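Chemist: Generate a structure from the sequence data that follows.
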Amino acid sequence: MKKIDIIFLICCFFATGGLTCQTQKDSLSDGTDSISTPKKIEVAQDDPSDFIPQYRRAVMYNITTGFDISYTGFIVKETETYIVIEDRRTHEIWEIKKAEIREARVFSSRQSYSTLLGENYHAGNYLFATSAFLFQGESIRSNYHWFLLENLEYGITENWAICASSLAFYPMSVGVKCAFEIDETNYIGGHLFGMGNVLGTDNLFLGYGGLVKFTRGSSNHNFTLSAGTLGINSDILFTTPQRLPFYNLYFSNVGYCSRLNEHVALNLEGWYFPQAQLGLAGAGIKLVKNEESCWTFGCYSVLNLLNNNVSLNFKALPIPYLGMSQKF
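Modeler: Numbering: from 1, shown residues only. Next up is the predicted model:
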């Protein structure tokens, strides 16, 4: 196949939308540096000299009282009858009577770090690649690439969604996605779609595609492995008649996300096309604090994989990437 045909395949692939923890101690070892003990709360000084604390200071707990009220924060003070707990995000402080505590659950350092950061509402996308996290039911998300390629996704339920893509407002494909939770940190999903030339008279059916994916981790720290195929109408790629009506281009992908702080997440992804002996590597920064919209800035590089040697293609400059995700 000519080199220009391979490049065309990959461009079509992007256009369809089919490309779809660090451990921090969080100052847990020394609660005196980052925790502000309430000044105006006075706890009864009824501590006997042999008082033994039940809770660990500077450790994050989820406290549930007998009134079914939950508090999440760090223990900053404890007496024989009371504990004082602080939410470091909102700086709220509560004094809770021990006799009213029904359950006290300790968060690990990773859990406490993620809880402090909050949920990453844009974990469904890396750059072009997508994860297998559950959808938001009855909501619409739009993901733009360079404001030229657009992927629309409507979550019917948390497990099923329908999607469509366009190139410069020209409809390109429609499909269906699924995602299922195995446990708290493992998810599986899939995507099937078809491409069509809705405004043309020839080659109305341009191709099809499908992939399966596996995601592990939380919304703040995760990775996704996926593999699939893209079938392109042979009449588009070849001038002479082909034995098979469609040419299948296989691919595999890995995506990685790490939340750096409350506002920023690092996203990495790589693509491998074995028939073309071609690879793509992408890196980007996402601004993730706002639930309604998210900006992504990054770039892609082409990798030469011929003769099993991985090297950058210095003949082509890195491709800048600009993306935006929006929830309606």
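Chemist: contacts, neighbours, all on C-alpha from now
Modeler: Will do.
Chemist: where along the stretch 151-300 of the chain do the strands fall?
Modeler: Taking DSSP state E, counting those that start in this stretch, the strands of the stretch 151-300 of the chain run over residues 160-167, 170-181, 186-196, 205-217, 221-233, 246-259, 264-273, 278-287, 293-304.
Chemist: looking at the sheet around the residue nearest to Asn186 when sequence neighbours are not counted, what are its partners?
Modeler: Closest residue to Asn186 apart from its sequence neighbours, by Cα to Cα, 6 or more residues apart in numbering: Arg216 at 4.6 Å. For Arg216, the beta-bridge partners are Asn186, Phe223 (DSSP bridges).
Chemist: Next, count neighbours for Arg216.
Modeler: Neighbour count of Arg216, defined by other Cα atoms under 10 Å: 21.
Chemist: Spit out the contact partners of it.
Modeler: Residues in contact with Arg216, defined by Cα atoms under 8 Å, 6 or more residues apart in numbering, are Thr185, Asn186, Tyr187, Asn222, Phe223, Thr224.
Chemist: about what we covered before: which stretch among the strands of the stretch 151-300 of the chain comes nearest Tyr121?
Modeler: Proximity to Tyr121 (Cα to Cα) singles out strand 293-304 among the strands of the stretch 151-300 of the chain, at 9.1 Å.
Chemist: which neighbours does that closest one have in its sheet, and in what orientation?
Modeler: By DSSP bridges, strand 293-304 pairs with strand 278-287 (antiparallel), strand 311-312 (antiparallel), strand 319-327 (antiparallel).
Chemist: what about the residue nearest to the spatial centre of the chain, distance to Glu291?
Modeler: The centroid of the chain falls nearest to Ala123 when counting by Cα atoms, centre = their mean (2.3 Å). Ala123 sits 11 Å away from Glu291, going by Cα to Cα, to the nearest Å.
Chemist: Ile232 too?
Modeler: From Ile232 to Glu291 the distance is 36 Å (Cα to Cα).
Chemist: The two: which has the busier surroundings?
Modeler: Ile232 (22 against 13).
Chemist: Report pLDDT for that one.
Modeler: Ile232 carries a pLDDT value of 89.
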